[in-house]
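Enquirer: Let's see this in three dimensions:
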Amino acid sequence: EIERLLEYEFSGRDIFEEYKNYNINYLTEIHRAIRFLYLINLSFAGKGKAYGYGTTTKPSQKIFYKNMLRDVKERLANTYVENLSFEKIIDKYDREHSFFFCDPPYFETAGYDNKFGEEEHIILRDKLRSLKGKFLLTINDHEKVREWYKEFNVREVEVNYSVSRASEGRGKYKELIITNY
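Expert: Residues are numbered from 1 along each chain as shown. Predicted coordinates for the structure are as follows:
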């Protein structure tokens with residue numbers, strides 16, 4: 001049903017704004033899914049906030065192709081999807097054979113809608129410190145982050161940021177890959 005309803009959608013700012021401003025309390029599960037897919041696929045940086053457009057590119061039609069949900073189902077066939085805090089996820093799944101990929105909001109960086117400050121980063125670090133399993137954490141290169149994770153394996157990498165409205169936000173930045181193995 002979702003694919004059938006998305007089949008004739010197209011990229012349009014008015015449609016985007018309408019979907020964005022829907023009160024989801026009055027939508028069915030199917031219409032909530034359609035709204036979500038439309039917004040993340042046609043928004044700037046996939047954040048669902050601002051209509052994504054380009055002057056040198058064509059609009060993305062990737063949400064409208066046939067068998068989209070079948071492809072998603074196949075990709076996620078061996079995946080558990082949970083909507084829990086990181087603390088609960090770690091407590092629930094931590095075993096010697098577990099592997100956690102952690103990509104928290106970067107420290108002291110703008111652009112996140114949720115609060116994830118120093119306190120939350122310390123809680124995450126402490127959870128990772130006591131893991132039975134393994135973890136790989138990606139985060140921005142910050143003096144405090146380096147101090148928090150100095151007992152782990154820290155590797156510096158350069159990453160090219162290309163999704164930013166302002167040109168000074170694009171370019172190469174240092175990030176850290178931190179592991180307990």
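
Enquirer: for the protein, what spans make up the strands?
Expert: Secondary structure of the chain, counting by DSSP state E: strands at 99-102, 134-140, 153-161, 171-179.

Enquirer: pLDDT on the second one, on average?
Expert: Going back to what we said before, that points to strand 134-140. Across strand 134-140, the average pLDDT comes to 96.

Enquirer: And for the third one?
Expert: Average pLDDT, strand 153-161: 90.

Enquirer: Give the other helices and strands that it contacts.
Expert: Under the contact definition 3 or more Cβ pairs under 8 Å, 6 or more residues apart in numbering; DSSP states H and E, strand 153-161 sits against strand 171-179. To be clear about C-beta, it is placed using only N, CA and C from the backbone, and glycine gets the same treatment.

Enquirer: The strand it packs on pairs with which strands?
Expert: Here strand 171-179 is paired, per DSSP bridges, with strand 134-140 (antiparallel), strand 153-161 (antiparallel).

Enquirer: what's in contact with it?
Expert: 134-141, 145-146, 149, 152-161 (Cβ atoms under 8 Å, 6 or more residues apart in numbering).

Enquirer: and if you look at stretch 124-144?
Expert: 86-87, 90, 94-104, 106-109, 118, 145, 148-149, 151-152, 156, 173-181.

Enquirer: Span of that stretch from start to end?
Expert: Here the two ends of stretch 124-144 are set 14 Å apart, with distance taken as Cα to Cα, to the nearest Å.

Enquirer: now that stretch: how far from the chain's centre is it?
Expert: 17 Å (Cα atoms, centre = their mean, to the nearest Å).

Enquirer: What of stretch 83-92?
Expert: For stretch 83-92, the gap between its own C-alpha mean and the chain's C-alpha mean amounts to 16 Å (Cα atoms, centre = their mean).

Enquirer: Report the separation between residue 57 and residue 115.
Expert: Distance, residue 57 to residue 115, by Cβ to Cβ, to the nearest Å: 34 Å.
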